[in-house]
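1. Fold the following, please.
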Amino acid sequence: MRIPILAGVLFAAATLSAPLPAQAQDNTANLLRRLSEAPGPPGFEEAVRKIMVPELRAVTDEISYDGLGSVIARQGNSGPRIILDAHMDELGGIVRRTTPDGFLSMQMLGGWLDQALAGQRWIIIGAKGPVHAVTGIRDIHLTSADERNRLIPRDAVFLDVGARTAAEVEALGIGPGDPVVPDSDFAIMNGTGNYLGKAWDDRVGCAVLIEAARRLRSSGHPNQVFFAATVQEEIGLRGARASTAIIKPDIGIAIEGGVTGDSGGAHAEESQVKLGSGPGMFLYDSSALPNRKLVALVRDTARAKGIALQVDLVQGYGDDSAEMQTVGGGAPTINLVVPARYTHVHNGIINRGDFDGMVDLVVALIQRLDTRTVAQLKDFSPE
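-> Down below sits the predicted model:
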């Protein structure tokens, strides 16, 4: 969600070759791992696109792209035009400059909290391949009592790649404009159904697109479904705007990583969603209000299929449905979420049952969106 290169491909290939633990050897867990570990900050989504395109090509009729690099995969040749959207980009950064003593400053991309930046591991995707880095932090033995309780602003955070001079940094093949991503591996947490990794916002949505496309290819549906894996969501919903202008949807469905309220320090009014209690639906966020008839249809679909559905209203949150809702004259939209703990940081957690429930819900919903139902959703005449 948004808050109001070849080297990348080579890096992804190396990352994706790491073996899974025995309990994770199923196709869905492997897909989620591949997507989570792929590097893809806004504007540098190549490695994620390299996963999405072959997966979607195998189960759709046509692949195309918008002018920013979003993937648009069409399935079906007639019926209502449904866009099912998830964004490929994650929070990250780009290198700004190199200091004479071999450190690098970083321009953040997306809605980072300053307190999430210092003392973390990162990967810089340079011309010669990935370079490991850490954001430095003042040693506790050197700080005053006052300084220990002070927030470190992002402008005071520098990347340390182990170099001593600017020339050594240049020799590593990195410099201004190179993308930076969190260095975080996928893991299944202690034999549970909870998956730890980076970029669940919104790689979990990308995985829903792929799994739903597979299911819908086998089961059939009465629509033209456009599976849109968009770019640059975290810096302004840009890919969704471009893709929506091309697709001209009758209905828009965004799939996102949700925000849970069940971790330590959460307040009831901030979020009511819990990990492991089912997929979610937003009734409000800072960027969009959903279509009320579509909300009712989602509720009814979940009830009919026996899917536990959570609902939430969240401030400080934006998503691609805001663009699908307004571009080209507008369309009924909804934002559906797979709950995630700890978004916009290095390590987040999703639940496998929530993910599977979301795929079930999306498939059942799209199967119900026939011509008559879509016409009713788009009918705003007074009763």
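2. Checking the residue nearest to residue 370 when sequence neighbours are not counted next. Helix, strand or coil?
-> Leaving out its chain neighbours, the residue that sits closest to residue 370 by CB to CB, 6 or more residues apart in numbering is residue 222, at 4.3 Å. No exception for glycine: its C-beta is placed from N, CA and C like everyone else's. Of the three states, residue 222 takes coil under DSSP: H, G, I helix; E, B strand; the rest coil.
3. Residue numbering should commence at 2 henceforth.
-> I'll keep to 2 as the first residue from here, and by that count the last item is residue 223.
4. measure residue 223 to residue 245 for me?
-> 21 Å (CB to CB, to the nearest Å).
5. Who has more neighbours out of those two?
-> A direct count of neighbours by other CB atoms under 10 Å for residue 223 and residue 245 places residue 245 higher, at 29 against 18.
6. Check what contacts the one helix or strand the more buried one maps to and list those residues.
-> Applying DSSP states H and E as the criterion places residue 245 in helix 239-248. Counting contacts by CB atoms under 8 Å, 6 or more residues apart in numbering, the residues outside helix 239-248 that touch it are 65, 67-71, 73, 82, 84, 86, 88-90, 227, 229, 231-234, 253, 255, 321, 323-325, 328-329.
7. Can you tell me which of the residues you listed are buried?
-> Buried members of those, scored by 16 or more other CB atoms under 10 Å, are 67, 69-71, 73, 82, 84, 86, 88-90, 227, 229, 231-234, 253, 255, 321, 323-325, 328.
8. now, which of the contacts of helix 239-248 lie within helices?
-> Among the contacts of helix 239-248, DSSP state H puts 323-325 in helices.
9. May I see the residues you listed arranged in JSON lines, with pLDDT as well?
-> Listed next are the ones in helices among the contacts of helix 239-248 as JSON lines, based on pLDDT from 0 to 100:
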{"residue": "323", "pLDDT": "92"}
{"residue": "324", "pLDDT": "94"}
{"residue": "325", "pLDDT": "95"}
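10. so which of those residues comes closest to residue 315?
-> Residue 315 lies nearest to residue 323 out of the ones in helices among the contacts of helix 239-248, by CB to CB, at 13.3 Å.
11. wait, that closest one sits on residue 238?
-> Yes. At 6.1 Å, residue 323 and residue 238 qualify as touching, with contact defined as CB atoms under 8 Å.
12. overlap in contacts of the two?
-> Residues touching both residue 323 and residue 238 (CB under 8 Å, 6+ apart): residue 288.
13. Near residue 346, how many other residues are there?
-> 18.
14. Touching, it and residue 117? I think so.
-> Yes. Counting by CB under 8 Å, residue 117 is a contact partner of residue 346 at 4.7 Å.
15. domain parsing for this structure?
-> The record's domain parsing of the chain by automatic domain parsing lists 7-91+186-378, 95-183.
16. ok, back up a step: so of the buried ones among the contacts of helix 239-248, which ones are in strands?
-> Within the buried ones among the contacts of helix 239-248, residues falling in strands by DSSP state E are 73, 82, 84, 86, 88, 227, 229, 231, 253, 255.
17. I'd like these written out as TSV, with distance to residue 351 and pLDDT added.
-> Below are those laid out as TSV (distance: CB to CB, whole Å; pLDDT from 0 to 100):
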residue	distance to residue 351	pLDDT
73	25	98
82	30	98
84	23	98
86	18	98
88	16	98
227	25	98
229	21	98
231	20	98
253	23	97
255	17	97
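18. Name the nearest of the residues you listed relative to residue 208.
-> Sorting these by how near they are to residue 208, with CB to CB, puts residue 88 at the top with 12.5 Å.
19. Tell me if I'm right that that closest one and residue 232 touch.
-> Yes. Between residue 88 and residue 232 there is a contact at 7.0 Å, judged by CB under 8 Å.
20. Output stretch 241-252 as CSV, restricted to C-alpha atoms.
-> The C-alpha trace of stretch 241-252 is given here as CSV (Å, rounded to 0.1, in the frame of the first residue of the first chain):
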residue,chain,number,x,y,z
ALA,A,241,-2.5,1.7,-11.7
ARG,A,242,-3.4,5.0,-13.3
ALA,A,243,-1.7,4.0,-16.6
SER,A,244,-3.1,0.4,-16.7
THR,A,245,-6.6,1.5,-15.9
ALA,A,246,-6.6,4.0,-18.7
ILE,A,247,-5.7,1.1,-21.1
ILE,A,248,-8.0,-1.5,-19.7
LYS,A,249,-11.1,0.7,-19.2
PRO,A,250,-12.6,-1.7,-16.6
ASP,A,251,-16.2,-2.2,-15.6
ILE,A,252,-15.2,-3.4,-12.2
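21. list the buried ones in it?
-> Buried residues in stretch 241-252, counting neighbours by 16+ other CB under 10 Å, are found at 241-245, 247-248, 250-252.
22. cool, stretch 155-168 as well?
-> 155, 158-160, 162, 164, 167.
23. Dump the C-alpha coordinates for that stretch into PDB.
-> Output in PDB follows, covering the C-alpha atoms of stretch 155-168 (Å, rounded to 0.1, in the frame of the first residue of the first chain):
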ATOM      1  CA  ARG A 155      16.700   9.600   7.600                       C
ATOM      2  CA  ASP A 156      19.100  12.400   6.400                       C
ATOM      3  CA  ALA A 157      21.600  11.200   9.100                       C
ATOM      4  CA  VAL A 158      21.500   7.500   8.000                       C
ATOM      5  CA  PHE A 159      24.200   6.300   5.600                       C
ATOM      6  CA  LEU A 160      24.900   3.000   3.800                       C
ATOM      7  CA  ASP A 161      28.100   1.300   4.800                       C
ATOM      8  CA  VAL A 162      29.400  -1.200   2.200                       C
ATOM      9  CA  GLY A 163      32.800  -1.700   3.900                       C
ATOM     10  CA  ALA A 164      34.600   0.700   1.600                       C
ATOM     11  CA  ARG A 165      37.200   3.300   2.800                       C
ATOM     12  CA  THR A 166      37.100   5.700  -0.100                       C
ATOM     13  CA  ALA A 167      34.800   6.800  -2.900                       C
ATOM     14  CA  ALA A 168      37.100   5.000  -5.400                       C
END
